[in-house]
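> Here is my input; please provide its structure:
(one chain, ligands or ions: 5)
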Amino acid sequence: MTFKAEYIWIDGTQPTAKLRSKTKIIAGEPAGLDALGIWGFDGSSTNQAEGHSSDRVLKPVFTCPDPIRGGDDILVLCEVLNIDMTPHESNTRAALTEVSEKFAAQEPIFGIEQEYTFFQDGYPLGFPKGGFPAPQGGYYCGVGADEIFGREVVEAHLDNCLAAGLAISGINAEVMPGQWEFQVGPVSPLEVSDHLWVARWLLYRTAEDFGIAATLDPKPVKGDWNGAGAHTNFSTRAMREGYEAIITACESLGEGSKPLDHVKHYGAGIDDRLTGLHETAPWNEYSYGVSNRGASVRIPWQVEKDGKGYIEDRRPNANVDPYLVTRLIVDTCCSALEK
Ligand code: ADP
Ligand code: MN
Ligand code: MN
Ligand code: MN
Ligand code: MN
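Ligands and ions are numbered 1, 2, ... in the order given. Alright, predicted model coming up:
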């Protein structure tokens, strides 16, 4: 008996990392994360090493069933280490582990809304070749072949995420043709991040079989079209129990250098997307407000009404690294809530 393990990792491409993966045939039956061995790869081909000392280490950190291959086959998300077993400089997960352990008692959880855009033959899916479709208005949560492009891929991706056991919690069509969203969470910082990276890999892999590419480009079409974001919804136990903690969290994100400290790690090209138009706040001005989709951070109306719940940081780009955004938010908000 053997099974196939798809080892997945995040590379060192700048300014936005890419996913890589390769297959290992393993004897026996899958026996969980701890039974999976470390593996290696050529870091000089992934912007993670120089050719003269190119070996890098893959350390399994999360595993789930492989819905593409089925059977006993599995997906294995890895951290990248140097050969002395220290985290590689491209490894942002290691630092999140420390911060989330430090603040675990506050029970932080996240739900991330991942927006993305399908492309085929160099055009967003649904765009006429060399031209533009009807302006935005009818596409968001639309139905019908005049408004919806790529639903067969979206449904297959959703089924694959569910079969893999990921904490995917919904999908919707977005405001531009060929643009979609899925949500992961709410779960712990490490879980939401690991599941989101695997869900991204499954998105590319599922779309590949349809001859379609998916991109997390935050501004896939210039001009009067919404960009693609990754709204990051966050709460701690105190926020889920009372409004004072909600306000403390919102205020903490606006203190001193925090707005810029956060935004510079919220995805490459963020100033192209956070213009102040298209349901965004300007990248260099922090604001928060109830129901306000033009604020940096939104308090949903129901949260104000109930006097408890969660907040939505609307700034992260679609191409954000979830290990970074969740670490920054936990660090900033939980430090303030601890006082
Ligand atoms: P919208 O498009 O209106 O901004 P969505 O329904 O797409 O909202 O996303 C809301 C997100 O909020 C979901 O990902 C959900 O998991 C998350 N969420 C709900 N409750 C909480 C909570 N208490 N803490 C953190 N995230 C939450
Ligand atoms: Mn080789
Ligand atoms: Mn949404
Ligand atoms: Mn959206
Ligand atoms: Mn949102």
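
> got the residues of the protein near ligand 1?
Residues of the chain lying close to ligand 1 (CB under 6 Å from any ligand atom) are 109-111, 113, 169, 183, 185-186, 231, 233-235, 240, 309-310, 312. Every residue, glycine included, has its C-beta placed from N, CA and C.

> which among these gets closest to ligand 1?
Of all the residues of the chain next to ligand 1, ligand 1 sits closest to residue 111, with 2.4 Å by CB to the nearest ligand atom.

> returning to what we had before: mind listing which of the residues of the chain next to ligand 1 are in strands?
109-111, 113, 169, 183, 185-186, 233-235, 312 (DSSP state E).

> Next one: the residue of the stretch 101-250 of the chain found nearest ligand 5, what pLDDT does it get?
Nearest to ligand 5 in the stretch 101-250 of the chain, going by CB to the ion, is residue 231, at a distance of 3.5 Å. Note on residue 231: pLDDT of 98.

> Please tell me I have it right and it contacts residue 114.
No: applying CB atoms under 8 Å as the test, residue 231 and residue 114 come out as separate, 9.1 Å apart.

> more neighbours, those two?
Each of residue 231 and residue 114 has its neighbours counted (other CB atoms under 10 Å); residue 114 has more, 24 against 20.

> What residues are bridge-paired with residue 299?
residue 290 (DSSP bridges).

> quick one: contacts of the one helix or strand in the chain whose mean pLDDT sits lowest?
Lowest by mean pLDDT, DSSP states H and E among the helices and strands of the chain is helix 270-273, with a mean of 91. Contact with helix 270-273 is made by 218-219, 227-229, 263-264, 280, 283-284, 315, 317, as judged by CB atoms under 8 Å, 6 or more residues apart in numbering.

> Of the residues of the chain next to ligand 1, which qualify as buried by neighbour count?
Neighbour counting with 16 or more other CB atoms under 10 Å marks 109-111, 113, 183, 185-186, 231, 233-235, 240, 309-310, 312 as buried within these.

> Now find how far off-centre stretch 304-324 is within its chain.
Here stretch 304-324 shows a centroid-to-chain-centroid distance of 12 Å under the convention CA atoms, centre = their mean, to the nearest Å.

> end-to-end on that stretch?
Stretch 304-324 has its terminal residues 28 Å apart, counting by CA to CA, to the nearest Å.

> now do stretch 36-44
Length of stretch 36-44, first residue to last, CA to CA: 24 Å.

> likewise stretch 12-21?
With CA to CA as the measure, the ends of stretch 12-21 fall 13 Å from one another.

> residues from the stretch 201-339 of the chain in reach of ligand 5?
Residues of the stretch 201-339 of the chain that fall close to ligand 5, judged by CB under 5 Å from the ion: residue 231.

> so where do the helices sit in the stretch 201-339 of the chain?
Residue ranges of the helices in the stretch 201-339 of the chain, as given by DSSP state H, counting those that start in this stretch, are 237-241, 243-252, 258-263, 270-273, 301-306, 322-329, 335-338.

> Please state the offset of the fifth one from the chain centre?
The one in question is helix 301-306. That offset, for helix 301-306, works out to 26 Å (CA atoms, centre = their mean).

> The first one too?
Relative to the centre of its chain, helix 237-241 is centred 24 Å away, using CA atoms, centre = their mean.

> which strands and helices sit next to that helix?
helix 243-252 (3 or more CB pairs under 8 Å, 6 or more residues apart in numbering; DSSP states H and E).

> just to revisit the earlier point, closest to residue 296 out of the residues of the chain next to ligand 1?
residue 312 (9.8 Å; CB to CB).

> I figured the closest one was touching residue 300, is that so?
Yes: between residue 312 and residue 300 a contact is recorded at 6.6 Å, counting by CB under 8 Å.

> Residue 61 is in what secondary structure piece?
Counting by DSSP states H and E, the element that carries residue 61 is strand 55-65.

> before we move on, back to that, nearest to residue 18 among the buried ones among the residues of the chain next to ligand 1?
Closest to residue 18, out of all of these and judged by CB to CB, is residue 113, at 21.3 Å.

> how far away is residue 268 from residue 236?
Residue 268 sits at a distance of 29 Å from residue 236 (criterion: CB to CB, to the nearest Å).
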